[in-house]
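A.B. asks: 3D, please:
(chains A and B)
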Amino acid sequence: MNEKDFLQKVNSHLDQQAEHLDATTLSRLNQARQRALEHVKDSEQGHITNVIAEKHFRWLPASAMAGIAIVALGSFLFLQNINTTPEEGLDDPLDIVTSNNNLDMYEQLDFYIWLVEEDSSAS
Amino acid sequence: MQHDYAINNTAAKESTLDKARTLDRFLAQVERKAFRIAELAVSNREEALDIVQDSMIGLVQKYSDRPEEEWMPLFYRILQSRIRDWYRKNKVRSKWMSWLGFSNKDNEGEQDDAMASVPDPAGRDPQQTASNHESMEQLDEAIHNLPYRQQQAFLLRTWEGLSVAETASAMKCSQGSVKTHYSRALHALRLELEDYRHE
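C.D. replies: Here you go, the predicted structure:
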């Protein structure tokens, strides 16, 4: 028997065996296949959920980013104000507190109050 | 916006159904051969069924998005991987079996197949195997007795029709190794069956 005929015989025999699997085995294989296919629905459900989230909550990431940007800008400005010379006429408490040049004055506030009182009593 | 969502959701559901149907068709096509290939490798029906189920789930989970023409080699790659895992788990048991003088499919021709020298428990005389039915039984036994890699290379190439490259990918070996395993398997099978025919 040449190789081609031999292989044909082998394939035919194996095909016959596969065709005549018992009912229990076929049922188990069918169950296995159905269980595997459930994973298609699971993975697609996850995909659909993502699509819905993207559709309805598209604004959410943008607002979150905006919030982060505002906080970042505020922090930047806050840190900038610490190192800059205070402008005249600053009477906002935050401006006063963040102005380095005035800090010494507030540390010696009692002294300056006393000085003013002394001037007043002298005049 | 709600209209768009409804359209997209329907389209997504249809796409899921299409994919499920295509996968179902593919898995139904391969399940019987995959089961027989696994059963010949592990000689245990329940283990073979578990291996096939794991392989199906693996394909669906990891590769269902790949083109359909890639599923066959990918599925058998997973199947071979599961079979190797089974061998690793049973390595201790196999070592004992080998020590006790029974064949170990893991060893590629390193040991003689001791099972072949065990007398046929059914008491059949080789001369009585002239009939087609019995020669098929001998073929079964011959395939079953092949060392694991020879057996799997032979089945994937001959029966499932995978190319050398696809078989090499499935078995995680070189194409040269596939050709070697295959030719050794073919030689061993023809020799064994011709021996029975001539007796």
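
A.B. asks: which other residues reach stretch B:155-172?
C.D. replies: A:7, A:10-11, A:14-15, B:33, B:37, B:40, B:72-73, B:76-77, B:79-81, B:143, B:149, B:152-153, B:174-175, B:177-179, B:182 (C-beta atoms under 8 Å, 6 or more residues apart in numbering or on different chains). Yep, even glycine has a C-beta here, placed from its N, CA and C like the rest.

A.B. asks: Give me the next element, helix or strand, following the worst-scoring helix or strand of chain B on mean pLDDT.
C.D. replies: Every helix and strand of chain B was ranked by mean pLDDT, DSSP states H and E. The lowest is helix B:114-117, at a mean of 44. Sequence-wise, the next helix or strand downstream of helix B:114-117 (DSSP states H and E) is helix B:132-145.

A.B. asks: Mind giving me the ChimeraX select for the contacts of stretch B:155-172, buried ones only?
C.D. replies: Filtering those down to the buried ones (16 or more other C-beta atoms under 10 Å in any protein chain shown) takes a single ChimeraX command:
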select /A:7,10,14 /B:33,37,40,72,73,76,77,79,80,81,143,149,152,153,177,178,182
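
A.B. asks: does any bit of the biggest helix by length in chain B sit next to chain A?
C.D. replies: Longest helix in chain B, counting residues (DSSP state H): helix B:2-42. Yes. Helix B:2-42 is in contact with chain A by C-beta under 8 Å from any C-beta of the partner chain, via B:4-5, B:8-9, B:12-13, B:15-16, B:19-20, B:23-24, B:27-28, B:31-33, B:35-36.

A.B. asks: Spatially nearest residue to the spatially most central residue of chain B (excluding sequence neighbours)?
C.D. replies: In chain B, the residue lying closest to the centroid (C-alpha atoms, centre = their mean) is B:Ile37, at 3.0 Å. Nearest residue to B:Ile37, sequence neighbours excluded (C-beta to C-beta, 6 or more residues apart in numbering or on different chains): B:Leu155, at 5.1 Å.

A.B. asks: tell me the pLDDT at the one you found?
C.D. replies: The model reports B:Leu155 with a pLDDT of 96.

A.B. asks: And B:Tyr148, how close does it get to chain A?
C.D. replies: Computed as C-beta to the nearest C-beta, to the nearest Å, the B:Tyr148 to chain A distance reads 17 Å.
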